[in-house]
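[1] Sequence plus predicted model, see below.
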Amino acid sequence: MKKIGFLLAMLVLSGCAQNPGNQAAPATQQTSTANSSDETNRARIHTELAADYFTRTQYSVALEELREALSSDNRYAPAYNMMGLVYMELKEDKPAESNFLRAIALAPGESETHNNYGWFLCTRNRIPEALTQFNIALANPLYPSPERALTNAGICSLKANNISAAQAYFERALKRQPNQPQALSQLATLYYQQGRYTEAKTLLARYFEVSPPTAATLWLGVRLARQTGDRDDEASYGFQMRKRFADAPETRLLLNGQYQ
């Protein structure tokens, strides 16, 4: 899985000041509210710029934008969440974790921050803590994209070798979002390992409809085609592997005929 791309799909970049309400307020209060709104809006803009730099792996510039965001509004939770992601990619675990925790303290109901912090914990092999964060995210009935946390929880469960839990998470993710790419590829792999070749092939076909192939998914396609006797698919997937992923470990297995 391409971790950076997957993490960016989970960013929380929205966040605006609450409306002051319909009642008239004194002029000084109105000015204070307007200033607060302007500061939060500046923080939002700088956070969105930071996310853009993050996608281009320009981490130092992203951090500069986030510092500008927090200088405008030091209680803007999405900026801390974004900063946690940047430090995570820089392998600076202490500031990454402290920023995720600060974001959660400021906005405890924001499921995507729990999801991002959970992914950080999972990549650091802190599996029980990670699953706790994913489940906090999922407990929010207003979470608009629970398939993200469900997929991450499945991947994290695989790291703990809890296959049944991983499968349940992936199946739940696909019920919520039938075209979630990572859930499709991961569940297809599990079904292949269980000998459920027809189901695995169906999931893999859906994956290729919504996401570019990887060496791993093409390799799964080759092995599924061999098991189901589909020589055309086997040849097609193998050709793509040799052409697009010549140096991948999976391609070496293909060339050596190591299909198991």
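    Looks like it arrived, so ask away. Numbering: from 1, shown residues only.
[2] ok, residue 237 - contacts?
    Contact analysis of residue 237 by Cβ atoms under 8 Å, 6 or more residues apart in numbering lists 218, 219, 221, 222, 225. For every residue, glycine as well, the C-beta is placed using N, CA and C.
[3] Apply 6 Å and report the result again.
    Residues in contact with residue 237 (Cβ atoms under 6 Å, 6 or more residues apart in numbering) are 218, 221, 222.
[4] Do you have the helices of this structure handy? List them.
    Ranges of helices in the chain, per DSSP state H, are 3-8, 27-55, 59-72, 77-89, 93-106, 111-123, 127-138, 146-159, 163-176, 181-193, 197-210, 215-228, 231-244, 249-255.
[5] how about CSV for these, with mean pLDDT added?
    Output for these, formatted as CSV (pLDDT from 0 to 100):
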stretch, mean pLDDT
helix 3-8, 37
helix 27-55, 79
helix 59-72, 97
helix 77-89, 98
helix 93-106, 98
helix 111-123, 97
helix 127-138, 98
helix 146-159, 98
helix 163-176, 98
helix 181-193, 98
helix 197-210, 97
helix 215-228, 97
helix 231-244, 97
helix 249-255, 96
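[6] re the thing from before, name the member of the contacts of residue 237 with the most neighbours.
    Top of the contacts of residue 237 by neighbour number is residue 221, holding 27 neighbours under the definition other Cβ atoms under 10 Å.
[7] what's the distance between it and residue 159?
    For residue 221, the distance to residue 159 equals 24 Å [Cβ to Cβ, to the nearest Å].
[8] Residue 135 now?
    On the measure of Cβ to Cβ, residue 135 and residue 159 end up 16 Å apart.
[9] Give me the buried positions along stretch 238-246.
    Using 16 or more other Cβ atoms under 10 Å as the test for burial, stretch 238-246 gives 238, 240, 241, 245.
[10] and the residues you listed, which two are the farthest apart?
    Greatest spacing in the buried residues of stretch 238-246, by Cβ to Cβ: 238 and 245 (10.9 Å).
[11] quick one: residue 139 and residue 193, what's the gap?
    On the measure of Cβ to Cβ, residue 139 and residue 193 end up 30 Å apart.
[12] my bad, should have said residue 70
    For residue 70, the distance to residue 193 equals 46 Å [Cβ to Cβ].
[13] Likewise for residue 145?
    28 Å.
[14] between those two, who's got more neighbours?
    residue 145 (16 against 10).
[15] ok, now which ones touch that one?
    Neighbour list for residue 145: empty [criterion: Cβ under 6 Å, 6+ apart].
[16] Switch the buried residues of stretch 238-246 over to CSV; also include distance to residue 84.
    What follows is those, written out as CSV (distance: Cβ to Cβ, whole Å):
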residue, distance to residue 84
238, 41
240, 37
241, 36
245, 32
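[17] and of these, the nearest to residue 55?
    Using Cβ to Cβ, residue 245 comes nearest to residue 55 of those, at 23.1 Å.
[18] Show the pLDDT at the closest one.
    Looking at residue 245, its pLDDT is 97.
[19] My guess is it contacts residue 214. True?
    No. The criterion here is Cβ atoms under 6 Å, and residue 245 misses it with residue 214 at 7.7 Å.
[20] Just give me the neighbour total for the closest residue to residue 179 other than its chain neighbours.
    With sequence-adjacent residues excluded and distances taken as Cβ to Cβ, 6 or more residues apart in numbering, residue 179 is closest to residue 210, at 4.5 Å. Around residue 210 there are 11 other residues, counting by other Cβ under 10 Å.
[21] how close does residue 209 sit to residue 129?
    35 Å.
[22] the more surrounded of the two?
    Taking other Cβ under 10 Å, residue 209 and residue 129 do not tie; residue 129 has more neighbours (14 against 10).
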